[in-house]
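Asker: Okay, sequence plus prediction incoming.
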Amino acid sequence: MKATLEWQIACGADEAIQDSPVDRTSLPKAEAPPRQAPAREAEPDIDSVAVARTAATAAVDLTALRAAMEAYEHCDLKRGAKQLVFSDGNANARVMIVGEAPGRDEDIEGRPFVGRAGQLLDLMFSHIGLFRTESDSEKALYIANVLPWRPPQNRDPKPEEMKMMLPFLERHVELAGPDLIVAMGNHACLALLGQRGITRLRGNWKMALGKPTLPMFHPAYLLRTPEAKRETWADLLSLKDRLRK
Ligand code: URA
């Protein structure tokens with residue numbers, strides 16, 4: 001097994017591409033006559049959302065919340081990811097950005113939005129005087145994602161994954177206490193507002209978790225669709241304006 005793994009690594013395989021492993025060495029099973037299974041008491045189903053909510057509610061600060069998420073075992077994404085991606089920036093910032101999920105670069109670095117989309121995000125917000133590296137809360141950004149683990153091959157988050165991680169996101173927002181939220185892209189809108197359709201939603205302020213929330217195009221979308229940057233500039237100006245109030 002070890003030699004096989006080393007051979008695969010030598011061939012350049014460095015990440016999981018499916019949620020669960022496939023045993024390609026197993027032989028097809030011969031048809032067996034149906035057997036009566038011995039009666040067994042059903043195992044109680046674990047309510048992974050309730051477990052998440054209890055753990056999240058018990059977290060008294062962001063350090064405790066991070067530890068609670070590290071300890072949460074019910075999301076399969078955890079097993080395929082290199083590490084938890086919790087947040088970046090200044091937790092006292094007036095603006096909190098909520099993205100979708102870590103990609104390859106974020107999975108390696110352990111911080112959200114550090115790849116190409118993240119570089120564009122930094123550039124966009126720098127034009128309205130907001131920075132994740134800023135210590136002054138007026139000019140700072142705080143950044144987290146709906147999912148803290150990278151989905152294999154950057155596939156879309158599954159509804160059940162979003163549902164079970166939502167209590168952690170809700171507590172995250174509660175503990176960070178931003179004045180305003182930016183919901184980056186469809187999945188953030190779905191998690192925070194229960195709505196999808198970013199083309200229609202973007203630029204329209206809504207309330208999410210008791211905070212004014214601005215849906216915006218995801219920077220990964222802007223990399224593919226540069227003409228949408230015009231609307232994004234309008235959204236950034238709307239955010240800047242709101243911060244003055
Ligand atoms: N896209 C996201 O939504 N979040 C990240 O952290 C990186 C890319």
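Answerer: That came through fine.

Asker: near the ligand, which residues of this protein show up?
Answerer: 99-103, 106, 112-113, 117-118, 145, 184, 220 (C-beta under 6 Å from any ligand atom). From N, CA and C alone the C-beta is placed, and that goes for glycine too.

Asker: So, low pLDDT: which residues of the protein?
Answerer: 12, 14-21, 29-43 (pLDDT under 70).

Asker: can we see that at 90?
Answerer: Counting by pLDDT under 90, the low-confidence segments of the chain come to 1-45, 245.

Asker: For the ligand, what is the nearest residue in this structure?
Answerer: Per C-beta to the nearest ligand atom, residue 99 is where the chain lies closest to the ligand, at 3.0 Å.

Asker: Let me know whether that residue touches residue 112 as I believe.
Answerer: Yes. Applying C-beta atoms under 8 Å as the test, residue 99 and residue 112 come out as touching, 5.9 Å apart.

Asker: Overlap in contacts, these two.
Answerer: Counting by C-beta atoms under 8 Å, 6 or more residues apart in numbering, the residues touching both residue 99 and residue 112 are 143-145.

Asker: Just send those back as CSV, with secondary structure too.
Answerer: Converted to CSV, the shared contacts of residue 99 and residue 112 look like this (DSSP: H, G, I helix; E, B strand; the rest coil):
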residue, secondary structure
143, strand
144, strand
145, strand
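
Asker: Of those, which is the most crowded?
Answerer: Neighbours here mean other C-beta atoms under 10 Å. Within the shared contacts of residue 99 and residue 112, the largest count is held by residue 145, at 28 neighbours.

Asker: give me the number of residues near the closest residue to that residue other than its chain neighbours?
Answerer: Sequence neighbours aside, residue 99 is the residue nearest to residue 145 in space, at 4.5 Å (criterion: C-beta to C-beta, 6 or more residues apart in numbering). Number of residues near residue 99 (other C-beta under 10 Å) recorded here: 27.

Asker: which residues touch residue 99?
Answerer: The neighbourhood of residue 99, defined by C-beta under 8 Å, 6+ apart, consists of 112-113, 143-146, 184-185, 188, 218.

Asker: Quick check: phi and psi on it?
Answerer: Recorded main-chain torsions at residue 99 are phi -100, psi -160, according to degrees, to the nearest 10.

Asker: Which ones among the residues of the chain next to the ligand lie within helices?
Answerer: When DSSP state H is applied, the residues of the chain next to the ligand are split such that 106, 117-118, 220 fall in helices.

Asker: I'd like these written out as TSV, with neighbour count and distance to residue 168 added.
Answerer: Written out in TSV, the entries for those read as follows (neighbours: other C-beta atoms under 10 Å; distance: C-beta to C-beta, whole Å):
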residue	neighbour count	distance to residue 168
106	26	17
117	22	22
118	22	21
220	21	23
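
Asker: Looking at the residues you listed, which one is closest to residue 54?
Answerer: Closest approach between these and residue 54, by C-beta to C-beta: residue 106, at 27.3 Å.

Asker: Was I right to think that closest one contacts residue 117?
Answerer: No. Taking contact to mean C-beta under 8 Å, the distance of 9.5 Å between residue 106 and residue 117 leaves them out of contact.

Asker: Can you tell me the SS state at residue 182?
Answerer: Put simply, residue 182 is strand when judged by three-state DSSP.

Asker: in stretch 196-210, what counts as buried?
Answerer: When burial is assessed from 16 or more other C-beta atoms under 10 Å, stretch 196-210 yields the following buried residues: 198, 201-203, 206, 208-209.
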